[in-house]
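*Asks:* Just to be clear, the model below is a prediction. Sequence and coordinates:
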Amino acid sequence: MSTGIAALDALNAAPLEEACARLDGLYEHSPWIVRAALARRPFATPAALICACADVVDQAPLEAQLALIRAHPELAGKAMVAGTLTAESTGEQSRAGLTHCSPEEFAALQRLNAAYNARFGWPFILAVRGPRGTGLTRAEIIATFERRLHAHPDDEWRECLRQIHRIAEIRLHDKLGWEPTAGHAVWDRLAALARHSEDAGQLTVTYLSEAHRACAAEIAAWMRDAGCDAVEIDAVGNVVGRYAAAQPHARWLLTGSHYDTVRNAGPHDGRLGIAVPLAAVRALHARGERLPFGIEIIAFAEEEGQRYPATFLGSAAVAGAFDPAWLALTDADGVPMADAMRGAGLPGTMDAIAACERDPSRYLGFVEVHIEQGPVLAAANRPLGIVTGINGSVRWLGEYTGVACHAGTTPMTQRRDAAAGAAELVLAVERLARAHPGTVGTVGILDVPSGSINVVPGRCRFSLDLRAPTDAARDALAQVALSEAHAIAEQRGLTLTLRETLRAAAAPSAPAWQARWERAVAAMGVPLHHLPSGAGHDAMMLHRILPQAMLFVRGENGGISHNPLESTTSDDIDLAVQAFARLLRDLAAETV
């Protein structure tokens, strides 16, 4: 890393022409990008330079962006066969093994190249060295090619530009001798943790399953190896690691995230917020450094609500909000939660769980690092995001009831079509949420019980999920959406039933803690990007007892979430580790 820092310093100080020469080939046949970006020197990190280059591309006309995309060669295409690739492209395609394709693989790539060009009008672009920088396999490349061939052209345009910036980022590291060492280490730990799963071929870890308990044991080992002074698994299954302060009786900084997953998940959701602070603690321990406050990292046992119809079990226990009624809830196999706890070696009693509650007076606050789980940072070309707050939400399960009747004999004017009412509600929710800035509305479930192709639907069940940055905005949207739902029922002669199933308060970030994240990210030299969190997080529960603020890390593949494609790069992870370490240093300076 020191070699990379020296090279970056030299680049910052070099005359413009010399700096351009050093970065020749960073963007394929497009030196205008680097030349314009260098006007923003000095750069604190390589990421700052890539952000500047991305801004240059974003501000360029569409014709220039298209020329940039078309400047890139096809994978295993004519230029590779003819030996006319740039040195950078030659190395990348060779490293990915594309120069050693089997006849079947080569034929598949030629077919995909032709189909892609015919559909989009530009070459398929993929950073073949991948999010870890070590290279994708030929099978992974072909699978990605086939998947993206079916994308919407607007999405694919953005993804090609994102891949171009990723290619440039890796090339820049090669030119500077820069290695995101901490990011690689976190990436590797999370990849290793993902081998524990309930389902072969995909990542699924639900509360207190065998895979869940294996994850807890491995995370506890991480904590001990990083230098935590005390490690324990508490009564709800949280894994807790503590790195003590320089002096006894000091307060603690609380941080962490969850290690359970949805079904068929990605490896970074939640777990990133455990591994990033552990990397910072590891660095402190290696230097023999203690801070004026202790650091308590909690790997929360449950957040996703996959096994039992309750969420945030781990953080609820810490916040003193664990509902005793949850212990009687049963899973799909009829196993009560209390019995599952006892089967996992936990007490399974409310008294033991109540002892997990933290005394807020002993803590400074709570911070959480999390993959964004959305497309905002990817679209903005920003590796890190400052979370302004977690949206409040409210959910209902509803049902329209009409009259089931013959699809052929019932005139359109005499129908009481329940599914048509629900369809109208879907469009109404979309329209209303768009009209209220910052809010989102979703009808995620539509179900016609005993539906038949030749029967007008007499019943249609649906879900309704509304979210907003403030409770007032959430409630305003709810009021108009429910009014619309009832109006649809009246106009169509339907009966409407609604049952509220969830109401969660918004959790705005504490201004002082948000400002600390802002200073930490600014120190990386990357522009600040603020955004709300539409998803719920453990910080939402800790907000009840402590000031909290979150840092988001950009997601790959358009920011897709709750999906095996959910991912981030080791470079963005490395920036998050650096930002977390900077927050610790700044907080230490404040606390002295």
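*Replies:* Arrived safely. These figures come from a predicted structure and were not determined experimentally.
*Asks:* What ranges does the stretch 451-592 of the chain have for its helices?
*Replies:* 471-492, 511-522, 538-542, 570-591 (DSSP state H, counting those that start in this stretch).
*Asks:* Same list, those helices, but as TSV with mean pLDDT, mean neighbour count and distance to Leu109 please.
*Replies:* Heads up, the C-betas are built off the backbone N, CA and C, glycines and all. Compiled in TSV, the helices of the stretch 451-592 of the chain are given as follows (pLDDT from 0 to 100; neighbours: other C-beta atoms under 10 Å; distance: least, C-beta to C-beta, whole Å):
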stretch	mean pLDDT	mean neighbour count	distance to Leu109
helix 471-492	97	17	48
helix 511-522	98	18	39
helix 538-542	96	28	43
helix 570-591	97	22	26
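*Asks:* just so I know, which of those lies nearest Leu193?
*Replies:* helix 570-591 (13.9 Å; C-beta to C-beta).
*Asks:* and that closest one, C-alpha only, in CSV?
*Replies:* Output of helix 570-591 as CSV, limited to C-alpha atoms (Å, rounded to 0.1, in the frame of the first residue of the first chain):
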residue,chain,number,x,y,z
SER,A,570,-13.2,-5.5,-2.5
ASP,A,571,-12.2,-1.9,-3.4
ASP,A,572,-15.5,-0.4,-2.1
ILE,A,573,-15.2,-2.6,1.0
ASP,A,574,-11.6,-1.3,1.5
LEU,A,575,-12.9,2.3,1.4
ALA,A,576,-15.6,1.4,4.0
VAL,A,577,-12.8,-0.1,6.3
GLN,A,578,-10.8,3.1,5.8
ALA,A,579,-13.9,5.3,6.5
PHE,A,580,-14.7,3.3,9.7
ALA,A,581,-11.1,3.6,10.9
ARG,A,582,-11.3,7.4,10.3
LEU,A,583,-14.5,7.6,12.2
LEU,A,584,-12.8,5.9,15.1
ARG,A,585,-9.8,8.3,15.0
ASP,A,586,-12.0,11.3,14.8
LEU,A,587,-14.2,10.1,17.6
ALA,A,588,-11.2,9.4,19.7
ALA,A,589,-10.0,13.0,19.2
GLU,A,590,-13.4,14.2,20.4
THR,A,591,-13.5,11.9,23.4
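*Asks:* Okay, buried residues for stretch 277-289 please.
*Replies:* Applying a neighbour-count criterion of 16 or more other C-beta atoms under 10 Å, one finds Pro277, Leu278, Ala279, Ala280, Val281, Arg282, Ala283, Leu284, His285 buried in stretch 277-289.
*Asks:* Within the helices and strands, which one has the second one?
*Replies:* Going back to what we said before, that points to Leu278. helix 272-287 (DSSP states H and E).
*Asks:* mind checking which helix or strand the residue of the chain positioned farthest from its centre is in?
*Replies:* Relative to the mean C-alpha coordinate of the chain, counting by C-alpha atoms, centre = their mean, the farthest residue is Thr409 (50.5 Å). Following DSSP H and E, one finds Thr409 outside all helices and strands.
*Asks:* what residues are up against it?
*Replies:* By C-beta atoms under 8 Å, 6 or more residues apart in numbering, the contact set of Thr409 is empty.
*Asks:* Residue ranges in the protein under the pLDDT threshold?
*Replies:* 1-2, 78-85, 90, 592 (pLDDT under 70).
*Asks:* and if we set it to 80?
*Replies:* Applying pLDDT under 80 to the chain picks out residues 1-3, 76-97, 99, 592.
*Asks:* Put the alpha carbons of the helix of greatest length in it into PDB.
*Replies:* When the chain is parsed with DSSP state H, its longest helix is helix 153-176. Provided in PDB are the C-alpha atoms of helix 153-176 (Å, rounded to 0.1, in the frame of the first residue of the first chain):
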ATOM      1  CA  PRO A 153     -31.500  -1.200 -23.000                       C
ATOM      2  CA  ASP A 154     -31.500   1.600 -20.500                       C
ATOM      3  CA  ASP A 155     -30.300  -0.600 -17.700                       C
ATOM      4  CA  GLU A 156     -27.700  -2.200 -19.900                       C
ATOM      5  CA  TRP A 157     -26.300   1.200 -21.000                       C
ATOM      6  CA  ARG A 158     -25.800   2.100 -17.300                       C
ATOM      7  CA  GLU A 159     -24.300  -1.300 -16.500                       C
ATOM      8  CA  CYS A 160     -21.800  -1.000 -19.400                       C
ATOM      9  CA  LEU A 161     -20.600   2.400 -18.100                       C
ATOM     10  CA  ARG A 162     -20.300   0.900 -14.600                       C
ATOM     11  CA  GLN A 163     -18.200  -1.900 -15.900                       C
ATOM     12  CA  ILE A 164     -16.000   0.500 -17.800                       C
ATOM     13  CA  HIS A 165     -15.300   2.400 -14.600                       C
ATOM     14  CA  ARG A 166     -14.600  -0.900 -12.800                       C
ATOM     15  CA  ILE A 167     -12.100  -1.900 -15.500                       C
ATOM     16  CA  ALA A 168     -10.500   1.500 -15.100                       C
ATOM     17  CA  GLU A 169     -10.300   1.100 -11.300                       C
ATOM     18  CA  ILE A 170      -8.500  -2.200 -11.600                       C
ATOM     19  CA  ARG A 171      -6.100  -0.800 -14.300                       C
ATOM     20  CA  LEU A 172      -5.400   2.200 -12.000                       C
ATOM     21  CA  HIS A 173      -4.400  -0.100  -9.200                       C
ATOM     22  CA  ASP A 174      -2.000  -1.900 -11.500                       C
ATOM     23  CA  LYS A 175      -0.400   1.400 -12.600                       C
ATOM     24  CA  LEU A 176      -0.100   2.600  -9.000                       C
END
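*Asks:* Tell me how far that helix lies from the chain's centre.
*Replies:* 19 Å (C-alpha atoms, centre = their mean, to the nearest Å).
*Asks:* list the buried ones in the helix or strand just after it?
*Replies:* Using DSSP H and E, the helix or strand that follows helix 153-176 in sequence is helix 181-193. Within helix 181-193, the residues scored as buried using 16+ other C-beta under 10 Å are Ala182, Gly183, His184, Ala185, Val186, Trp187, Arg189, Leu190, Leu193.
*Asks:* again, but for stretch 41-60
*Replies:* 43-57, 60.
*Asks:* about what we covered before: list of residues touching the helix holding Leu278?
*Replies:* If you take C-beta under 8 Å, 6+ apart as the criterion, helix 272-287 is touched by 182, 185-186, 189-190, 219, 222-223, 225-228, 241, 243, 255-259, 290-291, 295, 297, 299, 368-371, 553, 568, 573, 576-577, 580-581, 584.
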